[in-house]
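J.: 3D model of this:
(chains A and B)
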There are 2 protein chains.
Amino acid sequence: MIRAMSTKSRRQFLRSGAALAVPAGGWVAQGGSQPPNFIVLFADDMGYGDLACYGSPTIRTPNLDRMAEEGTRFTSFYAAAPVCTPSRVGLLTGRYPVRAGQPNNTGPDTVGGLPLSEILLPRVLKARGYKTMAIGKWHLGFQPGEYLPTSRGFDAWFGLPYSNDMIPPWVKTNRPLHLYRNADAVEEVSEQSDLTPRYTDEAMRFIKSSRDNPFFLYLPYSMPHLPVSAPERMRGRSRGGLYGDVIETLDWSVGEILRTLKDQGLDGNTMVVFASDNGPWHNLPPRMLAQGVEPWHAGSKSLLRGAKGTTYEGGQRVPGIVRWPGVVRARQVSMDMASTLDLFPTIVRAAGASPPADRVYDGADLMPLLRDGQPSPRSHFYYCLGKTLEAVREGPWKYRFARGRGEDGPSQDAPLPELFHLDWDPAERHNLYDRHRDRGNRLAARMKEFAEEIRAGLSA
Amino acid sequence: MIRAMSTKSRRQFLRSGAALAVPAGGWVAQGGSQPPNFIVLFADDMGYGDLACYGSPTIRTPNLDRMAEEGTRFTSFYAAAPVCTPSRVGLLTGRYPVRAGQPNNTGPDTVGGLPLSEILLPRVLKARGYKTMAIGKWHLGFQPGEYLPTSRGFDAWFGLPYSNDMIPPWVKTNRPLHLYRNADAVEEVSEQSDLTPRYTDEAMRFIKSSRDNPFFLYLPYSMPHLPVSAPERMRGRSRGGLYGDVIETLDWSVGEILRTLKDQGLDGNTMVVFASDNGPWHNLPPRMLAQGVEPWHAGSKSLLRGAKGTTYEGGQRVPGIVRWPGVVRARQVSMDMASTLDLFPTIVRAAGASPPADRVYDGADLMPLLRDGQPSPRSHFYYCLGKTLEAVREGPWKYRFARGRGEDGPSQDAPLPELFHLDWDPAERHNLYDRHRDRGNRLAARMKEFAEEIRAGLSA
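T.: Below is the predicted model:
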């Protein structure tokens, strides 16, 4: 049986570049130099302010708080897009969703999905001998079968093909909502309250069965996307009502997974990432208010402006926590920019591999920040809504030129230039464009240039 | 020399009621049973979201975070009023400012102040043998001299008689802004950047010189009230800009005070409270934007609605932290209601005394919550703006009937009934009055009754 590396040998492994020398045939026989495992826990529509460690006044999240204490917590961590599908595209491809060819959501009647030419993170890891599993919501296409997780680099999958609201009465479709096991629809979902516990059980089983092999577990929870639902035993426990129960169930799940890692002796050899796919769904369409769904079944964006579906900070700035005892700095709070787009290069490098050389990536390796407290390698972040590039951040400055001024997404209003200093004014209350037109215009030019590069549109 | 009690004997002191038996003559000679010291640190216009432990994304507050870790942090802690003077009235009298007869701010040309018939906390403690000192902004009246701190129960005072903006160009007055030493104006303030360090020095001196006597230190900082100013050595240090520098200077100050307590062996015998007098000043009048004051020199209310000068949560819900090693529970986060109004009875009881029996108090002893994790004794909180009672909270439900819907305070709009569930919806986004009219109307009736009791007005 292969044991996890000591902290020292892990550090040597990571620093020496020795990892790169490991043959592509796999790790199992490499005894004494087993590369790290990776777990990405990805909440759905969780807001920036939904965890106690991000300031929730009503929700208790002791496991995620502890994970933050034992690792690095970001206060400026960006999902790749402000809605579900493209956010997942960005995480799994390492490329802006427009560049990757899938900038919008897919639905229950969509044929196709994320272009098959895109290379997903699990495929790169699988080529390095990793066991790979997806558990939870996919949402990158499910028909034909070549769009399913098991055709995109995951050895196994258990979960939903898309969002949990994509059945009547919330969404018009004739297709039932199915749980899949690998490529097969195995069960029609009638009750959603046990989704998080079932995902958690699967995750624990996968971890236990993978302990002798490097593994990648991608766990995109179906919650807290509407309609929110918590298991019976968790209902009524949170001060924050049903939504709080749902978040506290996710926190319980994270606790179970961390406990399993510890029990299996994998604690020090596993990077665990927690993030959310976009901000809270504050701008519900009326169709959603059916079968007990209430408008307050949504999270908090804390001080941020905007919400899901907007390119204000509330749409894309989400909780971001990375834990890897002995490697990633504990009790580190980073105020630098980072993104789910950075996870692809970070994880690939930490596995001793390189991102495929045939394409452009939109992220950078966060390990020098995570391990050594170096500044973030990310100098820019581009905010797209669908195919439209609406904003760019450079250091603390954010330039935005888009329709819509609040939580409701695009409107018929003419766009107007906005310039915010996100360190002084993270709430985007003060438009400084008139004071700093040169800076604003320079960022506008950069945005135009980048839109051309990735073939995005601009607001007009 | 009298040493601090051990944790065990302090607990016995507090639980046995023995404290009540101590004669009123003073504590100095009581050897072995010296009662606890009290320090109240009170920021000016700091928002709910300005500390890292309350979710600030840009401001680092390691000392206050540690204070919270070592003590109890409240997520539903209310200042007594949403503006300066009445908030201080509530803290120091333990009574709603309308009841105490001083519901509005005083200014540099005000004659009189808080009615002389009101009994302030330091007076009660002084009668028990405490040394008492106020350091910082008073704002309860300064002319004639009988309104000064040294006439209201404080042995000594060093600080400003009112807010730091109450000079031209921000406020019209011919009176210079003076620093006082006891009853004397000793220095005209030309530079405000050293106010926090000077207050801190005074505090450390007072603590050191009081170590052999029970003491009460009230430290109402002048910062972060506009115009914000930080000492040279702190400028440019915070990610949050000048406002961040100012908050980080306050955090440094708290660190110095906690360190002094420890060095003096007083750590385990001193209750330290940190709070703010009201929410951030987001609704600045244009007169304030002079001499470098910028609208973003204000704090964050995090997810809360409203701001200073409003009876939405952002006006009155503030950071609230209580630390007393060995007595107050460490790592306790309480989501129950508590208020600066509760500090009077809490502190008076912990000192072994009782609040004067000749008047009504609006708070309750928080010690069972702080020490034993009991539920808060507070069942209601009443929100007044000036003489008008605008809202009431009962458990999680808040009923509000007021002019003004946002950050800007009263407006010409007709008031409309609002009902919020603050556990489900701390951001006050969802008015449930139409769904729960009976509950709303019951709270309206209770509000009317209470308005009659304290002689407050109601919106009409």
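J.: over to the closest residue to residue A:457 other than its chain neighbours: give its phi and psi.
T.: Of all residues not flanking residue A:457 in the chain, residue A:388 sits nearest, at 4.7 Å (CB to CB, 6 or more residues apart in numbering or on different chains). Every residue, glycine included, has its C-beta placed from N, CA and C. Main-chain dihedrals, residue A:388, degrees, to the nearest 10: phi -100, psi 130.
J.: same question, the one 3 residues further on
T.: Backbone dihedrals for residue A:391, given as degrees, to the nearest 10, come out at phi -160, psi 160.
J.: contacting residues for the one residue in the stretch 351-460 of chain A that gets nearest to chain B?
T.: Closest approach between the stretch 351-460 of chain A and chain B, counting by CB to the nearest CB: residue A:424, at 3.9 Å. Residue A:424 makes contacts with A:396, A:430, B:240-241, B:243, B:296, as judged by CB atoms under 8 Å, 6 or more residues apart in numbering or on different chains.
J.: what's the burial count for the residue lying closest to residue A:312 once chain neighbours are set aside?
T.: Excluding the flanking residues, the one nearest residue A:312 by CB to CB, 6+ apart is residue A:306, at 2.6 Å. Using other CB atoms under 10 Å in any protein chain shown, residue A:306 is surrounded by 26 other residues.
J.: pLDDT score for residue A:306?
T.: Residue A:306 carries a pLDDT score of 97 in this model.
J.: cool, and residue A:404?
T.: On the pLDDT scale, residue A:404 gets 90.
J.: what's the answer for residue A:34, then?
T.: On the pLDDT scale, residue A:34 gets 86.
J.: show me what from the stretch 201-350 of chain A comes close to chain B.
T.: Contacts of the stretch 201-350 of chain A with chain B, taken as CB under 8 Å from any CB of the partner chain, map to A:239-241, A:243-244, A:282, A:295-296, A:300-303, A:333, A:335.
J.: out of those, the closest to residue B:170 would be?
T.: residue A:303 (26.0 Å; CB to CB).
J.: could you chop chain A up by domain?
T.: A:34-377, A:387-458 (automatic domain parsing).
J.: ok, back up a step: give me the buried subset of the contacts of residue A:424.
T.: For the contacts of residue A:424, a burial check counting by 16 or more other CB atoms under 10 Å in any protein chain shown picks out A:396, B:240-241, B:243, B:296.
J.: need the residues you listed in a markdown table (columns: secondary structure).
T.: Compiled in a markdown table, those are given as follows (DSSP: H, G, I helix; E, B strand; the rest coil):
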| residue | secondary structure |
| --- | --- |
| A:396 | coil |
| B:240 | coil |
| B:241 | helix |
| B:243 | helix |
| B:296 | coil |
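J.: pull the most distant pair out of those residues.
T.: It's A:396 and B:243 that sit farthest apart of the buried ones among the contacts of residue A:424, by CB to CB, at 13.7 Å.
J.: that older thread, now the residue of the stretch 351-460 of chain A closest to chain B: how far from residue A:396?
T.: Going from residue A:424 to residue A:396 by CB to CB, to the nearest Å gives 7 Å.
J.: about what we covered before: give me whichever of the domains of chain A is most buried.
T.: Across these, averaging neighbours per residue (mean count of other CB atoms under 10 Å in any protein chain shown) puts domain A:34-377 on top, at a mean of 22.
J.: now do the end-to-end distance for that one.
T.: One end of domain A:34-377 to the other measures 27 Å (CA to CA, to the nearest Å).
J.: next: stretch A:355-374.
T.: End-to-end distance for stretch A:355-374: 22 Å, by CA to CA.
J.: pLDDT on it, on average?
T.: Stretch A:355-374 shows a mean pLDDT of 98.
J.: about what we covered before: for residue A:403, see how far away the residue nearest to residue A:457 is.
T.: Taking CB to CB, one finds residue A:388 at 9 Å from residue A:403.
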